[in-house]
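**Student:** sequence below, structure please.
(one chain, ligands or ions: 1)
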Amino acid sequence: MKVIVAVTGASGAVYAQRLLQVLSQHEQVREIAFTMSEQGRMLFAHELGVNLSLKKPDLSSIGINMEKIVAFHPKDLTAPPSSGSSRYSGMVVVPCSTNTLAKIAHGFADDLISRAAQVVLKERRKLLLVTRETPFSLVTLRNMVAVTEAGAVIVDANPGFYHHPKTVQDLVDFVVQRVCDHLGLSVELVPRWELPEKRWVHEA
Ligand SMILES: Cc1cc2nc3c(=O)[nH]c(=O)nc-3n(C[C@H](O)[C@H](O)[C@H](O)COP(=O)(O)O)c2cc1C
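**Tutor:** Coordinates of the predicted model:
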């Protein structure tokens, strides 16, 4: 599987860091095309304490094996993700800013992230948007509806608590596992819901 991972300027760089760790170690993943917006770079620096280059980001500084990663500058519209002929299985925008969501919803393709997203949609491949914002404006909600109607999946960075998380990592892993589920990758990072033996739900 070849996947595109794009980082944009929403809070939640740690979701991208963990997803990249998991994908780069996964046997079903052959190649990861990576790109990040200028604002995504700023958020990475602020939240993870790393100064990455947009052209040649050294992700090993955040614990990621670079073997499968091919990085592209976000302004490079000649990069392979710009074309449907490159045959990526899917794309994850993580975290996905409401700005990038709006561009995707309205068909903009003026940088590599928005162009690659339009390509993934036109080719009917998987587009997962890990949004992070609260509360949502009506504009953002409408943009979410528009991209969902076009075939994308909003995987909001919105962890559950039924797996009894004890660390921030547990919360991050909840979201990353749902992303992997939608990419069709077998990944077990946190326990999945199973009906407790004692059916307390119906006791009353
Ligand atoms: C510290 C900081 C945190 C931000 N957090 C979010 C956020 O969580 N969600 C969001 O949609 N935008 C957030 N923004 C705003 C985006 O960075 C801004 O809309 C930017 O234009 C996004 O650009 P991009 O889509 O090209 O990455 C944040 C901005 C800053 C400076």
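
**Student:** when you work out contacts or count neighbours from here on, use the C-alpha atoms and nothing else.
**Tutor:** Noted.

**Student:** how about the helix ranked longest in the chain as CSV, C-alpha atoms only?
**Tutor:** Using DSSP state H, we find that the single longest helix of the chain is helix 168-183. Once non-C-alpha atoms are left out, helix 168-183 reads as follows in CSV (Å, rounded to 0.1, in the frame of the first residue of the first chain):
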residue,chain,number,x,y,z
VAL,A,168,-2.2,10.9,26.6
GLN,A,169,-0.7,8.2,24.4
ASP,A,170,-3.8,6.1,25.0
LEU,A,171,-6.0,8.9,23.8
VAL,A,172,-3.9,9.6,20.8
ASP,A,173,-3.8,5.8,20.0
PHE,A,174,-7.6,5.7,20.0
VAL,A,175,-7.8,8.2,17.2
VAL,A,176,-4.8,6.7,15.3
GLN,A,177,-6.4,3.2,15.5
ARG,A,178,-9.6,4.5,13.9
VAL,A,179,-7.6,6.1,11.1
CYS,A,180,-5.8,2.8,10.4
ASP,A,181,-9.2,1.0,10.5
HIS,A,182,-10.4,3.3,7.7
LEU,A,183,-7.3,2.8,5.7
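
**Student:** I'd like the distance from that helix to the chain centre, please.
**Tutor:** 10 Å (Cα atoms, centre = their mean, to the nearest Å).

**Student:** how about that helix: buried residues?
**Tutor:** 170-180, 182-183 (16 or more other Cα atoms under 10 Å).

**Student:** same question for stretch 62-75.
**Tutor:** If you call a residue buried by 16+ other Cα under 10 Å, then stretch 62-75 has these buried ones: Ile64, Asn65, Met66, Lys68, Ile69, Ala71, Phe72, His73, Pro74, Lys75.

**Student:** that's all I had, so thanks and see you.
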